[in-house]
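# Sequence first, predicted model second:
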Amino acid sequence: MPQLETHDSVSAMAAAYAQRAVEAARGFTAQLDYSENSLMELETILDQLARKTPATSSSGDDLSETCKTWGSYFGEVVRRRFGGEWSIETYPGKQFATLTLSINDSKIFPSMKVHRRLAQGAGENVWAFYKMIKAKLESVPGSKVQ
């Protein structure tokens, strides 16, 4: 799968979106601090967003921005804990590019995860997903675990 942009510019973009999430979280009376426990707060925010504005009724652009914002925050928490590099890559089996976090031989698509959480509900819980990622990455030799 081709990498479409250099990781430095994509990293800066992801960091800016993540910071936007930190600021937006205040409107939900939540404090996001890039800790893994803050992902429980993120899940609460996404649950509120899913209930307030079903993903199917949002305009494509609004939904895309929402997914990039909260997905970048999710990805930044993972990246800060385990390392990795941001890129924009073609989503497997699809014809569109998306933010991608590569850690060792694993790829995570945080914006897509947020989209599934908003569209499909609590079964796509981001906190549960993080715990699965954490277990996988902690079992891989050479992972940067802080």
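Okay, I see it. Numbering: from 1, shown residues only.

# So Lys134 is in contact with Val77, correct?
No: proximity of Lys134 to Val77 does not meet the contact threshold set by Cβ atoms under 8 Å, at 10.3 Å. In this view, the C-beta of every residue, glycine as well, is placed from N, C-alpha and C.

# Settle it for me: which of these two has more neighbours?
Val77 (23 against 17; other Cβ atoms under 10 Å).

# For the nearest residue to Ser72 once chain neighbours are set aside, give me the pLDDT.
Setting aside the residues directly before and after it, Ser72 is nearest to Tyr17 in space (Cβ to Cβ, 6 or more residues apart in numbering), at 3.5 Å. We note a pLDDT of 97 for Tyr17 in this prediction.

# Next: Pro54.
pLDDT at Pro54 comes out at 59.

# Flag every buried residue along whichever helix in the chain runs longest.
For the chain, the helix with the greatest residue count under DSSP state H is helix 60-82. Neighbour-count burial for helix 60-82 flags 63, 66-79, 81-82 (criterion: 16 or more other Cβ atoms under 10 Å).
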